[in-house]
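Student: Mind folding the following:
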Amino acid sequence: FATVQKIKEKLCYVALDLNRERDLARNTTVLMEKYQLPDGTIIKVGRERFEAPEALLNPSLINKEGDGMSDMIFNMIQQAEIDTRAKLYQHIVLSGGTSMYPGLPSRLEEDLKAMYLKHVLKGANDRMNRLKLGIEDPPRRKNMVYLGASVLANIMRDQK
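Tutor: Sure, this is the predicted structure:
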């Protein structure tokens, strides 16, 4: 497990343009990276670098039903009270180790803009400037959940 985690953290990323990355992987070696396993074996990792994280955005790639991360965020915001939606779009906060993939914030932004244009504005591109989208990706987000729980535990302890 530790080896897979190290490969994930060192080599994987979320593709902004999935089709372009697939074309690059298919037609060139530019995405190919070498990784040395603990036993000294060297492996080559290519399209897996972006295909593995893509499952977060498109779970059907790994035969899982359900919405991807972009869909879940969009649907949650759209199901909220109409007067709170603008603030929710402005303050999307990423946390946890999986949110550390390079490219994830940009991809989420692109996906959410596309869904907003299609489902909310019904294709009226001239009104896209109304959407104020803010995806916050604090550098310490890998341990953010733990840090938040720790702060909460201290507050609760002090209230006794």
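Student: distance of the spatially most central residue of the chain from residue 1?
Tutor: Within the chain, the residue whose C-alpha comes closest to the C-alpha centroid is residue 104; the distance, by Cα atoms, centre = their mean, is 3.8 Å. From residue 104 over to residue 1 the distance is 22 Å, taken as Cβ to Cβ, to the nearest Å. Just so you know, the C-beta spots here come from the backbone N, C-alpha and C atoms, and that holds for glycine as well.
Student: distance of residue 82 from residue 71?
Tutor: Here residue 82 is placed at a distance of 20 Å from residue 71 (Cβ to Cβ).
Student: okay, these two: which has more neighbours?
Tutor: Using other Cβ atoms under 10 Å, the more surrounded residue of residue 82 and residue 71 is residue 71, with 16 against 7.
Student: In this model residue 112 seems to touch the more buried one, though I could be wrong.
Tutor: No - between residue 71 and residue 112 no contact is recorded; they are 9.6 Å apart, counting by Cβ atoms under 8 Å.
Student: What is the neighbour count of the closest residue to residue 57 other than its chain neighbours?
Tutor: Excluding the flanking residues, the one nearest residue 57 by Cβ to Cβ, 6 or more residues apart in numbering is residue 68, at 4.1 Å. Counted with other Cβ under 10 Å, residues neighbouring residue 68 total 19.
Student: Residue 68 reaches residue 53, doesn't it?
Tutor: No - checked against Cβ under 8 Å, the pair residue 68 and residue 53 is beyond contact range at 10.9 Å.
Student: Can you tell me what sits against whichever strand or helix holds residue 87?
Tutor: Assignment of secondary structure by DSSP states H and E places residue 87 within helix 85-90. Contact with helix 85-90 is made by 76-78, 80, 112, 116, 131-134, as judged by Cβ atoms under 8 Å, 6 or more residues apart in numbering.
Student: right, and out of the residues you listed, which lies closest to residue 24?
Tutor: Ranked by distance to residue 24 (Cβ to Cβ), these are led by residue 112 at 24.6 Å.
Student: so who does the closest one touch?
Tutor: Residue 112 makes contact with 70, 73-74, 89, 92, 133 under the criterion Cβ under 8 Å, 6+ apart.
Student: now it: how far from residue 54?
Tutor: 16 Å.
Student: Please pick the buried ones from the contacts of residue 112.
Tutor: If you count burial by 16 or more other Cβ atoms under 10 Å, the buried members of the contacts of residue 112 come out as 70, 73-74, 89, 92.
Student: can you pull the contacts of residue 58?
Tutor: Taking Cβ under 8 Å, 6+ apart as the contact definition, residue 58 lies against residue 68.
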